[in-house]
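Asks: sequence plus the predicted model coming up.
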Amino acid sequence: MTEFIPLSDGDVHWAFPEPGDPGAVRQHLLTADAHLGRAATHLGLTGRGRLGFHRIEGITLAGVFAALTLPGVLFLASAHFPRRCPWDLRWGPPWLVGADIELLGAGRVEGSGGHPILAIEEVVTAPVEAAQALSAATAQLLGRVLASPPDFWWALPAPDILDTSDGPDAPTGGC
């Protein structure tokens, strides 16, 4: 079971065990969260899509994550250590920072992801820079969301194909 812990209720040390300047890291994360909140409000989803921590079966994932979903589009943002599975307890550096907007119904093929209209990905080795990069990525996501009226986003077609796969097979053995 996955538990979502809002940024305000979490600890930056969960994503960045040695944050250097935890106050600066938290401030950049709060700015990223505010960008996501503005995007959600623009889309009519006030109070959703906020940045937070995820805990699976008692294990806190090494990062911060957010997602907003409309029938035909997915908005994602994260800064995380790319673990192989939830039980892999290693921590960064590096951190993978990104923000994405994916059209889910446009030319989608079963087993594939959506069609990206914004894809930002950066590998960062310092906590403050990772949090800054997330703030910058969410600012770009917000700019793209605000560039179109909410009706545009809500009118995007939902996928015709229900893809129930979990993506590529997970590696077997020693996670």
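Replies: Received the coordinates, thanks.
Asks: what's the weakest-modelled helix or strand in this structure?
Replies: Of all helical and strand segments in the chain, the minimum by mean pLDDT, DSSP states H and E falls on strand 59-60, at a mean of 68.
Asks: what residue lies at the spatial centre of this protein?
Replies: A77 (2.7 Å; C-alpha atoms, centre = their mean).
Asks: that residue bridge partners, please.
Replies: Beta-bridge pairing for A77 (DSSP bridges): A66, A99.
Asks: going forward, begin numbering at 20 instead of 1
Replies: Will do, 20 is the new start, and the previous item becomes A96.
Asks: F23 and H73 touch, don't they?
Replies: Yes. With contact defined as C-beta atoms under 8 Å, F23 and H73 form a contacting pair (6.2 Å). Glycine gets a C-beta too; all of them are placed from N, C-alpha and C.
Asks: higher neighbour count, those two?
Replies: Using other C-beta atoms under 10 Å as the criterion, F23 and H73 rank with H73 on top: 20 against 14.
Asks: thinking that one is in contact with I24, fair?
Replies: Yes. With contact defined as C-beta under 8 Å, H73 counts as touching I24 (7.4 Å).
Asks: now the helices for this protein?
Replies: Using DSSP state H, the helices of the chain run over 41-61, 146-165, 169-174.
Asks: taking helix 146-165 as reference, get the angle to the first one.
Replies: Note on geometry: by axes from the mean of the first three to the mean of the last three C-alpha atoms, to 10 degrees, helix 41-61 and helix 146-165 are set 10 degrees apart in direction.
Asks: winner for burial among the helices of the chain?
Replies: Compared across the helices of the chain, helix 146-165 shows the largest average neighbour count, a mean of 22 (mean count of other C-beta atoms under 10 Å).
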